[in-house]
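Asker: Pasting a predicted model and its sequence here:
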Amino acid sequence: MTQPVSFLKGKHILAVDDEWDVIETIQEILDEATVDFAQDYESASQKIMKTQYDIAILDIMGVNGIKLLEECVERNIPAIMLTANSMNPESLMQSIKKGAVSYLSKEHLSELDSLINELMGEQSKGKPAWKLLFEKLGSHFDQRFGKGWKNENKDFWNDFEKYWQISRGIQERLKHDKNIANKGV
């Protein structure tokens, strides 16, 4: 049986959280990668502007994570939102709209390495990481937000379902477009 390829091995990751114990835990869990850290918005923003990270893990509260997400998107750094206190449908939707590749509860911090490997592995294959996240953690969202929580924003979630399919189709076509492939994109 072959060992799965680790997305994390040798990657350069930025972890941003105002709680030192969370930073330490992330560094321990992601030991295959080089993990830089910041505990406030200003330090994190400077690091995002100076370094091209392979991924950023951003707390939502305490460090202005949504603003940092916007900066990561501008610099083409995939960002995972990590939260405890902002675990609600509104911050999930805002994270999606602003371009996060995932949204995780700090309750799942111990699984961070395997979740990142799976999510980023899917994304690198042109598959929607969000779809995998909802398949893996959908019951957690249902438990936290209540059954039927998506019904309050049906239009958003219907559009989101369509986006998965459209995005996947566009990505697949772009991979096979010789004009783009020849340019190294």
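Answerer: Noted; the coordinates are in hand.
Asker: shaky segments in this structure?
Answerer: Scanning the chain with the threshold set as pLDDT under 70 gives 1-5, 86, 127-128, 162-185.
Asker: Tell me how far Val63 lies from Asp40.
Answerer: Distance of Val63 to Asp40, given as C-beta to C-beta, to the nearest Å: 6 Å. Any C-beta I mention is one placed from the backbone N, CA and C, and that applies to glycine too.
Asker: what sits in contact with each of the two?
Answerer: Residues touching both Val63 and Asp40 by C-beta atoms under 8 Å, 6 or more residues apart in numbering: Asp18.
Asker: Have a look at these two and say which one is more surrounded.
Answerer: Taking neighbours as other C-beta atoms under 10 Å, Val63 and Asp40 compare with Val63 leading, 22 against 13.
Asker: The more buried one: what's it in contact with?
Answerer: Applying C-beta under 8 Å, 6+ apart, the residues contacting Val63 are 16-18, 38-41, 44.
Asker: Any chance of the backbone angles for it?
Answerer: When read as degrees, to the nearest 10, the backbone of Val63 gives phi -130, psi 10.
Asker: For Glu74, the count of nearby residues, please.
Answerer: 11.
Asker: how much space between it and Gly126?
Answerer: 22 Å.
Asker: so what's Thr34 up against?
Answerer: Contacts for Thr34 were tallied using C-beta under 8 Å, 6+ apart; they are 10-13.
Asker: Please apply the same query to Trp157.
Answerer: Trp157 is in contact with Lys150, counting by C-beta under 8 Å, 6+ apart.
Asker: For it, pull up the helix or strand it's in.
Answerer: helix 154-175 (DSSP states H and E).
Asker: Among the contacts of Val63, which are located in helices?
Answerer: Per DSSP state H, helices hold the following members of the contacts of Val63: 41, 44.
Asker: Buried members of the contacts of Val63 into PyMOL, please.
Answerer: Selection of the buried residues among those in PyMOL, burial being defined by 16 or more other C-beta atoms under 10 Å:
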select buried, resi 16+17+38+39+41+44
